[in-house]
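A.B. asks: Here's my sequence, what's the structure:
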Amino acid sequence: MVFPYEQLRRRPDVEAPNLFAADAADRLLADIAGDVVLQRGLVVIGDAYGALTLAAAARGARGIRVHQDPLTAERALDANAEALGLGGGFEHHALDAGLVAGARVVLLRLPRSLEALAEIAVLVAEHAHPEVAVYAGGMLKHMTPAMNAVFGEVFGDVQVSLARQKARVLTVREPHPAAATVLDRWPERAFDAGTGLHVCAFGAAFAGASVDIGTRLLLSVLDEAVPEAVTAIDLGCGTGVLASALATRRPGVRVVATDQSAAAVASTAATAAANGVSDRVEVVRDDGLSTRPDASADLIVLNPPFHIGGAVHTGIAQRMFADAARVLAPGGELWAVWNSHLGYRPALERTVGPTRQIARNPKFTVTASRRR
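C.D. replies: Next comes the predicted model:
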């Protein structure tokens with residue numbers, strides 16, 4: 001049968017004419033893997049909206065273990081499965097040993113981060129079946145020879161497919177568990193002298209165990225942000241640097257850190273623990289602020305993403321602004337740092353309320369938006 005990729009949707013993620021739920025890499029992966037997906041112990045990692053999982057389920061695969069870092073990806077897979085009548089053939093898993101234990105076939109959408117790829121490669125090499133075959137695919141514009149080298153550190157055989165429609169697949173075999181054990185290093189940990197914070201990061205977390213320059217600018221003015229705040233939210237918390245900074249600098253503030261990324265949530269929890277503030281930072285995996293009550297926060301801090309996959313798109317930031325507007329108490333403020341060229345100030349004025357510039361450097365702007 002020909003799988004109906006065109007029927008897949010991205011919801012609840014951002015949908016737009018230039019954003020698609022499946023691409024040529026999904027199709028090439030499914031074609032190269034073929035009927036090997038029917039073997040017991042199939043694992044799918046990084047499936048954006050269900051194309052890999054559901055194409056395998058349509059072939060007859062069952063008991064598929066799936067890991068998707070974004071919460072919206074999990075929900076899109078579930079919604080697409082229901083729409084196509086393919087529910088019941090898979091289950092969601094964390095990125096841990098249980099996901100890949102005994103796996104014989106792994107379908108992987110290559111992450112753009114080499115650290116994220118290394119964490120996955122090490123996990124598979126350590127815990128999958130000795131005869132596991134990993135089919136790792138992506139679009140050529142996002143692939144580099146360094147990815148082959150990452151696999152080569154813990155696998156003995158890496159084969160590269162011919163390109164098709166600007167996509168390619170790496171087929172990887174012969175895991176070396178002993179080498180993988182030596183290289184297993186997640187979460188990575190570092191001390192940032194500029195902030196006085198310990199930063200922890202799993203492979204897929206943005207910026208790794210460092211403080212990105214946008215966050216650093218926001219940190220430089222964070223003490224000015226609603227000094228009387230009792231409740232604060234780090235929206236899109238990443239590695240939890242802002243949440244830990246708030247909890248460290250303001251012992252009386254209750255901090256909630258929220259992100260839809262499983263890697264970010266795990267990283268934030270580790271960062272809070274490393275800085276001794278776990279008891280004052282509640283970490284939640286959430287699609288924006290969907291589980292937060294209306295008018296419940298005095299302060300929200302935000303360093304929003306401006307990419308969706310490989311596309312520059314402001315849709316996620318706009319949704320975050322709307323979430324913040326709903327969750328801020330009257331008079332509460334959203335303190336956001338953003339790439340200056342994106343010109344978010346009019347959107348913040350319109351969505352949240354009166355907005356003033358707090359700081360600016362050659363690349364980033366920090367604004368404070370007060371809820372009407």
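
A.B. asks: quick one: the strands in the stretch 251-372 of the chain?
C.D. replies: 254-259, 281-285, 297-302, 307-308, 311-312, 328-339, 355-360, 364-370 (DSSP state E, counting those that start in this stretch).

A.B. asks: Spell out the secondary structure type for the residue nearest to Arg216 when sequence neighbours are not counted.
C.D. replies: Spatial nearest neighbour of Arg216, chain neighbours left out: Gly194 (6.8 Å); criterion: C-beta to C-beta, 6 or more residues apart in numbering. Quick note: C-beta positions are derived from backbone N, CA and C, even for glycine. With DSSP: H, G, I helix; E, B strand; the rest coil as the basis, the three-state label of Gly194 is coil.

A.B. asks: Next one: Gly194 from Val253, what distance?
C.D. replies: The gap separating Gly194 from Val253 is 22 Å, by C-beta to C-beta, to the nearest Å.

A.B. asks: between the two, which one's more packed in?
C.D. replies: Using other C-beta atoms under 10 Å, the more surrounded residue of Gly194 and Val253 is Val253, with 18 against 9.

A.B. asks: For the closest residue to that one other than its chain neighbours, give me its contacts.
C.D. replies: Nearest residue to Val253, sequence neighbours excluded (C-beta to C-beta, 6+ apart): Ala232, at 5.3 Å. Neighbouring residues of Ala232 by C-beta atoms under 8 Å, 6 or more residues apart in numbering: Val226, Leu246, Arg250, Val253, Arg254, Val255, Val256, Ala297, Asp298, Leu299, Ile300, Val301.

A.B. asks: Tell me how far Ala232 lies from Tyr135.
C.D. replies: Applying C-beta to C-beta to Ala232 and Tyr135 gives a distance of 44 Å.

A.B. asks: Show me the helices in the chain, by range?
C.D. replies: Along the chain, counting by DSSP state H, helices occupy 24-33, 51-59, 71-84, 97-100, 114-127, 145-152, 177-183, 213-220, 241-249, 262-274, 315-327, 345-351.

A.B. asks: Buried residues, stretch 249-268. List them.
C.D. replies: By neighbour count on 16 or more other C-beta atoms under 10 Å, the buried set for stretch 249-268 is 250, 253-268.

A.B. asks: for stretch 137-152, that is, sorry about that
C.D. replies: Neighbour-count burial for stretch 137-152 flags Gly137, Gly138, Met139, Met143, Met147, Asn148, Val150, Phe151 (criterion: 16+ other C-beta under 10 Å).

A.B. asks: Please verify my assumption that the first one contacts Leu110.
C.D. replies: In this case it means Gly137. Yes: look at Gly137 against Leu110 with C-beta atoms under 8 Å: they come within range, at 6.5 Å.

A.B. asks: Tell me the residues that contact both of the two, please.
C.D. replies: By C-beta under 8 Å, 6+ apart, the residues touching both Gly137 and Leu110 are Leu170.

A.B. asks: got a list of what Asn275 touches?
C.D. replies: Contacts of Asn275 (C-beta under 8 Å, 6+ apart): Leu197, His198, Ser244, Ala247, Thr248.

A.B. asks: Go again with 10 Å.
C.D. replies: 195-200, 240-241, 243-245, 247-248, 281 (C-beta atoms under 10 Å, 6 or more residues apart in numbering).

A.B. asks: Check Leu219 too.
C.D. replies: Per C-beta under 10 Å, 6+ apart, neighbours of Leu219: 192, 194-195, 197, 211, 241-242, 245-246, 249, 301, 337, 366.

A.B. asks: As TSV, the residues you listed with pLDDT and distance to Val14 would be great.
C.D. replies: Below are those laid out as TSV (pLDDT from 0 to 100; distance: C-beta to C-beta, whole Å):
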residue	pLDDT	distance to Val14
Asp192	97	32
Gly194	94	34
Thr195	95	32
Leu197	98	31
Val211	97	27
Val241	98	25
Leu242	98	23
Ala245	98	29
Leu246	98	28
Arg249	96	34
Val301	98	22
Val337	97	21
Val366	98	24
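
A.B. asks: Please produce a ChimeraX select command covering the buried subset of the residues you listed.
C.D. replies: Here is the ChimeraX command that selects the buried residues among those (16+ other C-beta under 10 Å):
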select :195,197,211,241,242,245,246,301,337,366
